[in-house]
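Engineer: give the three-dimensional model of this entry:
(one chain, ligands or ions: 1)
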Amino acid sequence: MTDFSGITAVVTGGAQGIGRAIADRLAADSADVIVGDLRDPGDLGDRQRWVELDVTSEVSTVAFAAEVDDSLGVVVNNAGIMFEASITDQTVEQWDMAMAVNLRGPWLMTKALLPQLQAGGGGSVVNVGSIEGIGSNPQHTAYAASKGGVHGLTAAMAVDLGPMGIRCNAVAPGWIDTALNREYIDRLPNRDQAVAELAVLHPVGHIGDPADVASTVAFLASTDARFVSGQVVVVDGARTTMLSLPPSLAPKT
Ligand SMILES: NC(=O)c1ccc[n+]([C@@H]2O[C@H](COP(=O)([O-])OP(=O)(O)OC[C@H]3O[C@@H](n4cnc5c(N)ncnc54)[C@H](O)[C@@H]3O)[C@@H](O)[C@H]2O)c1
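Structural biologist: Numbers count the residues shown, from 1 in each chain. Just a heads-up that it's a prediction; the model follows:
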C-alpha cells in the first residue's frame, strides 16, 4: 500500500469508471479525495467528497480550485470522452469537444491548481492518456489525437513543473473492464466470442480492471516514484507490445 496521509488528492471524472477506482484507491491509502465531475456521484464513502466541475471551462476549474487547500499533493486528470465516427462524418463540434475535455481539461486543471501544489511544497500530477495516444482504433481521429496530445502535455509539464517540485506522468490504459465497456460487450449478439477474442489480444490472457489502472496511478503519485517524471506508463497487459502475425505464420499451440 502507498500512504497519502495528510495529503489531498483531486480526481477528475471520478463519478464512475476508472476515475471512481482511482478515487477509491487513493482514499483507501489515506488521501482526502476531492472528486471533480460534471455530475453528482452520490454517496462516496469516507475521505471523499464531490465538487462540481467542468474541466473544459476555465471559470469552472478556477471555482473548483477555490475549494482546494494547500494540503493538495496529487492531481489525477482522468475525465475523458470518446466519439466514434469516420473522418467524413465527424463534426467540428465533436472534434472540439474531444480536445476540450481530453486535452484542454488536464492543462486547465493543472494550471488552476498550481498555487496549491506549490504552496504544499510540490506534488504529483498523473494524466490518464490511452494506448490510443500511441496507436489508434478505426474511426477515432479526435480521440487518438487528443490522447497523443495528453502524452505530449505530460512531457511538457514534467519539464516546466519539475523545478517547482511537481512530477508529471501519464498512464496509458488498454481495454479496461468498466461498466460502460461491459455493457457494450454484453449487447453484442456474439458476446462470448468477443470476450474470448479480447483475451487472445492480451499476452496476460485477460483485459484490465479499473483497479489495475488505479494501483499504477497510486504508485506514480506516491513518493516511491519520486525520481519518475515525464513518463507514460502503459497499462495494457502487453497488448501493444505483442506484434501481430498473419494466422498462416502464427506458431501452432
Ligand atoms: N475505459 C477504457 O477502457 C479506457 C481505456 C483507455 C483510456 N481510458 C481513459 O480513462 C479515462 C476514464 O475513462 P472511463 O472509461 O472510466 O470513462 P467514463 O465515461 O466511464 O467516465 C468518465 C467520467 O468523466 C466525467 N466527465 C466527462 N466530461 C467531463 C467534464 N467536462 N468535466 C468533468 N467531468 C467530466 C463523466 O461524468 C464521468 O464520470 C478517460 O480519460 C478515458 O479516455 C479509458
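
Engineer: shouldn't residue 76 be within a strand?
Structural biologist: Yes - counting by DSSP: H, G, I helix; E, B strand; the rest coil, residue 76 falls inside a strand.

Engineer: that one reaches residue 4, doesn't it?
Structural biologist: No - between residue 76 and residue 4 there is no contact, the gap being 11.6 Å when judged by Cβ atoms under 8 Å. Just so you know, the C-beta spots here come from the backbone N, C-alpha and C atoms, and that holds for glycine as well.

Engineer: which residues are common contacts for those two?
Structural biologist: Taking Cβ atoms under 8 Å, 6 or more residues apart in numbering as the contact rule, residue 76 and residue 4 both touch 26, 221.

Engineer: how about the residues of the stretch 151-253 of the chain by the ligand?
Structural biologist: 173, 175, 176, 178, 180, 181 (Cβ under 6 Å from any ligand atom).

Engineer: now the fourth one: closest residue in space that isn't a chain neighbour?
Structural biologist: Closest residue in space to residue 178, ignoring its immediate chain neighbours: residue 17 at 4.3 Å, by Cβ to Cβ, 6 or more residues apart in numbering.

Engineer: the one you found - how many residues pack around it?
Structural biologist: By the criterion of other Cβ atoms under 10 Å, residue 17 has 19 neighbours.

Engineer: pretty sure it sits against residue 210.
Structural biologist: Yes - the criterion here is Cβ under 8 Å, and residue 17 meets it with residue 210 at 6.5 Å.

Engineer: please enumerate the shared neighbours of those two.
Structural biologist: Taking Cβ under 8 Å, 6+ apart as the contact rule, residue 17 and residue 210 both touch 176, 178.

Engineer: having no further points to raise, I will conclude here.
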